[in-house]
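Engineer: dropping the sequence and predicted coords here.
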Amino acid sequence: MRKTMIAAVFAALAGPAISAPLCDDMGFAGLLAKCNRGETINLLLASGQPLGEDVQLQSGAYYKLEITADGSAELAVEGPSFFRAIWMNEIVINKIEIRPMAIDSIEFDKAGTVELSFIAIKPGNHVLRIPGSRGDSQSVTISIQ
């Protein structure tokens, strides 16, 4: 009982985990400011190749996700949990900008690149995977802190 009470006191003193944008003075651009941008995330869609490495993001920060397909197979990436945990700014395909409300997946019929720009919002672990695949290398976990 005593250990439980001590643990509760420490938990109360620790307070909530703080997630803030990457910079303090964002100016007119707000969350889209250049100082609030994290590293670009790159994923490769190729038959029999790993999708990418797990990534950790900061809630409130602006990121770009580049997915490149090499054309070796018709492949897709799905991740409804991830796509609902972010605010999507735009998707760029062949220099065409799309501003969607929501997406579940992106499929490539041939070689190409898609660039998604977004702000990470909802903390948690979210998985992007190649649909129907079972291997660990065919998925990427994106953790939003």
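Structural biologist: Done, it's in.
Engineer: what are the neighbouring residues in contact with residue 108?
Structural biologist: Contacts for residue 108 (C-beta atoms under 8 Å, 6 or more residues apart in numbering) come out as 45, 67, 69, 71, 74, 75, 76, 114. Where you see a C-beta, it was placed from the backbone N, CA and C, and this is true even at glycine.
Engineer: from the residues you listed, which ones fall inside strands?
Structural biologist: The strands, defined by DSSP state E, take in 45, 67, 69, 75, 76, 114 from these.
Engineer: sorry, back to before: among the contacts of residue 108, who's most crowded?
Structural biologist: Highest neighbour count within the contacts of residue 108: residue 45, with 27 neighbours (other C-beta atoms under 10 Å).
Engineer: in space, what's closest to that residue - neighbours in sequence excluded?
Structural biologist: Spatially, and ignoring its direct neighbours in sequence, residue 45 is nearest to residue 69 (4.0 Å; C-beta to C-beta, 6 or more residues apart in numbering).
Engineer: distance check, that neighbour against residue 122.
Structural biologist: 27 Å (C-beta to C-beta, to the nearest Å).
Engineer: do the same with residue 53
Structural biologist: Residue 53 is 21 Å from residue 122, by C-beta to C-beta.
Engineer: now residue 70, nearest residue through space, not along the chain?
Structural biologist: Nearest residue to residue 70, sequence neighbours excluded (C-beta to C-beta, 6+ apart): residue 46, at 4.4 Å.
Engineer: which residues does the one you found contact?
Structural biologist: Residues near residue 46 by C-beta under 8 Å, 6+ apart: 69, 70, 72, 73, 75.
Engineer: for residue 137, helix, strand, or coil?
Structural biologist: Following DSSP: H, G, I helix; E, B strand; the rest coil, the label given to residue 137 is helix.
Engineer: distance of it from residue 145?
Structural biologist: Counting by C-beta to C-beta, the gap from residue 137 to residue 145 is 24 Å.
Engineer: residue 81 too?
Structural biologist: Counting by C-beta to C-beta, the gap from residue 81 to residue 145 is 16 Å.
Engineer: same question, residue 103
Structural biologist: For residue 103, the distance to residue 145 equals 23 Å [C-beta to C-beta].
Engineer: what about this protein, any weak spots by pLDDT?
Structural biologist: 1-23, 25-30, 32 (pLDDT under 70).
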